[in-house]
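Asker: just to be clear, the model below is a prediction. Sequence and coordinates:
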Amino acid sequence: MSVLSGKNVLLGVTAGIAAYKTAFLVRLLIKAGAKVQVVMTPASKDFVTPLTLSTLSKNPVHSTFYDREEENEKWNNHVDLALWADMFLIAPTTANTLSKMANGLCDNLLLAVYLSAKCKVYFAPAMDLDMYKHKSTKQNIEKLKGFGNVFIPPASGELASGLEGEGRMAEPDDIIKFIENDIISKLPLRGTSVLITAGPTFEAIDPVRFIGNHSSGKMGYALADRAANLGAQVVLISGPSHEELKNTSIQIVAVTNAEEMYLACQSYFSDSDIAIFSAAVADYTPSKVASQKIKKKDASLSIELKPTKDILATMGGIKKDQFLVGFALETNDGIRNAKSKLKKKNLDLIVLNTLQDKGAGFKTDTNKVTLIDKNEKITTFELKSKTEVAKDIFDEITKKLHA
Ligand code: CTP
């Protein structure tokens, strides 16, 4: 999956012959899963038509401050466009636009959007060899880099003038790869291994029956997706769950019962930098598993249970540098019980959810959590989607790791 997936990409097109390549650029961005809007300088419409770009981007193209053709003239709000974007890619960037950007000129919609943009701006210059070599162009590029904009270098080759040399806009494929690599290189959990447990465990009674619980795995899967999106290498040890992962880079280890989860954690824990135990592991398992289906009788039936290993407490006992996170699902005395688990299991952070909060806990798509760190600092959060809760948890972890 591309790191561009789900991102709002605003493509700025200026008036160079390379503008014809923006049709391919839009297609590649859409293929990578990005949402695309296009803003063009008026003169760039001589090189590629707005109709082409609006068809490919599936969005209207913006080029003027207001649309004259519409019955009710409509103001194209450059601030809204800039705020919508997760990134602004200006490709091609002509020498003229480059110079205007460097000097804060604002005589068209694209430049107004650029000046209002708070997101990352990528610019891919395209011009003739001598224009590219000119000192003022070099200065403008340096100035823009100094503003925090990211320069996508042009390629060498045959130019529209017939000259050979530097100045051709980078190929659309290379632009996409450049941006993906730039995003990946800045992800906060790049080079970090994250281990996550999720879902319930099923403890067999006989070949057809088990003792289980209502955990769906939703919270753990959301955490795994979040960690992978932040650039981590993720191993997800999951009990039986119907959840699906969005990020295909995650390694999933499927287990059924507490003992299997314990063994899997033992294999992966020592290589992890962050370990989050969100699984609802059975505390007890049948002492004996009947080899044949237990037949119905008139008398009552007792099943003897023995305790399972506490996986989290075991890993807390052997941890070296791992940042260890546990969950506590409580019905009463939440803070007190969570603090005691945090200490007993040697954790760095515990995520408390109480079944008293509506919308929190098993099976729901939402959760309401309180985070308690090892200094007993308590942070409470509102009821949110589990995806957002996963974001809050990782924000807290990355803050602590980089403190
Ligand atoms: N946990 C675990 N292995 C177990 C039981 C629990 O790894 N055998 C982990 C859970 O994944 C969770 C944390 O321990 O991160 C807390 O689990 P919980 O069941 O709430 O705590 P217990 O210590 O089992 O206490 P109790 O059931 O009495 O509340």
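Answerer: Nice, I can see it. Numbering: from 1, shown residues only.

Asker: what comes up buried for stretch 225-243?
Answerer: For stretch 225-243, the neighbour count (16 or more other Cβ atoms under 10 Å) marks 225-241, 243 as buried. For the C-beta atoms, the positions are set from N, CA and C on the backbone; glycine is no exception.

Asker: of those, which belong to helices?
Answerer: 225-229 (DSSP state H).

Asker: the closest residue to residue 19 other than its chain neighbours: how many residues sit nearby?
Answerer: In this structure, residue 19 finds its nearest non-sequential neighbour in residue 47, 3.7 Å apart by Cβ to Cβ, 6 or more residues apart in numbering. Residue 47: 18 surrounding residues under other Cβ atoms under 10 Å.

Asker: and if you look at residue 167?
Answerer: 26.

Asker: what about it, which helix or strand?
Answerer: For residue 167, the host element (DSSP states H and E) is strand 164-168.

Asker: can you confirm residue 282 is in a strand?
Answerer: No. According to DSSP: H, G, I helix; E, B strand; the rest coil, the state of residue 282 is coil, so it is not within a strand.

Asker: tell me the domain boundaries of the protein?
Answerer: The chain breaks down into these domains under automatic domain parsing: 8-185, 193-291+301-401.

Asker: for the ligand, which of these is the nearest?
Answerer: Checking those against the ligand by Cβ to the nearest ligand atom gives domain 193-291+301-401 as the closest, at 3.4 Å.

Asker: mean pLDDT for the domains of the chain - can I get that in TSV?
Answerer: Formatted as TSV, the domains of the chain follow (pLDDT from 0 to 100):
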stretch	mean pLDDT
domain 8-185	95
domain 193-291+301-401	96
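
Asker: mind putting those domains into CSV with distance to the ligand?
Answerer: Formatted as CSV, the domains of the chain follow (distance: least, Cβ to the nearest ligand atom, whole Å):
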stretch, distance to the ligand
domain 8-185, 30
domain 193-291+301-401, 3
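
Asker: quick one: which of the ones you listed is nearest residue 1?
Answerer: Among the domains of the chain, domain 193-291+301-401 comes nearest to residue 1, with 5.2 Å by Cβ to Cβ.

Asker: ends of that closest one, how far apart?
Answerer: One end of domain 193-291+301-401 sits 13 Å from the other (Cα to Cα, to the nearest Å).

Asker: do the same with stretch 32-42
Answerer: For stretch 32-42, the first and last residues are 28 Å from each other (Cα to Cα).

Asker: buried set for it?
Answerer: Under 16+ other Cβ under 10 Å, the buried positions of stretch 32-42 are 32, 34-41.

Asker: and the helices in the stretch 251-400 of the chain?
Answerer: 258-269, 311-318, 334-344, 386-401 (DSSP state H, counting those that start in this stretch).

Asker: and residue 355, which of those helices is closest to it?
Answerer: Evaluated with Cβ to Cβ, the helices of the stretch 251-400 of the chain place helix 334-344 nearest to residue 355, the distance being 9.4 Å.

Asker: and the closest one, how far from the chain's centre?
Answerer: From the chain centre to the centre of helix 334-344 is a distance of 30 Å (Cα atoms, centre = their mean, to the nearest Å).

Asker: contacts made by that helix with the rest, please.
Answerer: 313, 326, 328, 330, 347, 349-350, 352, 354, 356, 370, 372, 374, 376, 378 (Cβ atoms under 8 Å, 6 or more residues apart in numbering).

Asker: how near is the residue lying closest to residue 191 once chain neighbours are set aside to residue 343?
Answerer: Excluding the flanking residues, the one nearest residue 191 by Cβ to Cβ, 6+ apart is residue 231, at 7.7 Å. Look at residue 231 and residue 343: by Cβ to Cβ, to the nearest Å, they are 31 Å apart.

Asker: quick check, central residue of the chain?
Answerer: In the chain, the residue lying closest to the centroid (Cα atoms, centre = their mean) is residue 229, at 3.3 Å.

Asker: distance check, it against residue 223.
Answerer: Residue 229 is 11 Å from residue 223, by Cβ to Cβ.

Asker: and the residue of the chain most remote from its centre, what's its pLDDT?
Answerer: Outermost residue of the chain with respect to the C-alpha centroid, by Cα atoms, centre = their mean, is residue 298; its distance is 55.6 Å. pLDDT recorded at residue 298 is 91.

Asker: what sits against it?
Answerer: So residue 298 contacts nothing (Cβ under 8 Å, 6+ apart).

Asker: helices along the stretch 51-200 of the chain, start to end?
Answerer: Under DSSP H, counting those that start in this stretch, the stretch 51-200 of the chain gives helices at 78-84, 95-103, 109-116, 129-133, 135-146, 172-185.

Asker: can you say which of those helices is packed in most?
Answerer: Highest mean neighbour count of the helices of the stretch 51-200 of the chain: helix 109-116, a mean of 22 (counted as mean count of other Cβ atoms under 10 Å).

Asker: thought residue 111 was touching residue 101?
Answerer: Yes. Contact between residue 111 and residue 101 holds when scored by Cβ atoms under 8 Å: they sit 6.8 Å apart.

Asker: tabulate the helices of the stretch 251-400 of the chain (JSON lines), appending mean neighbour count.
Answerer: Output for the helices of the stretch 251-400 of the chain, formatted as JSON lines (neighbours: other Cβ atoms under 10 Å):
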{"stretch": "helix 258-269", "mean neighbour count": "19"}
{"stretch": "helix 311-318", "mean neighbour count": "19"}
{"stretch": "helix 334-344", "mean neighbour count": "17"}
{"stretch": "helix 386-401", "mean neighbour count": "19"}
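
Asker: just give me the neighbour total for residue 187.
Answerer: Other residues lying near residue 187 total 15 when counted by other Cβ under 10 Å.

Asker: setting aside sequence neighbours, what's the nearest residue to it?
Answerer: Computed as Cβ to Cβ, 6+ apart, the closest residue to residue 187 that is not its neighbour in sequence is residue 231, at 2.8 Å.

Asker: thank you, goodbye.
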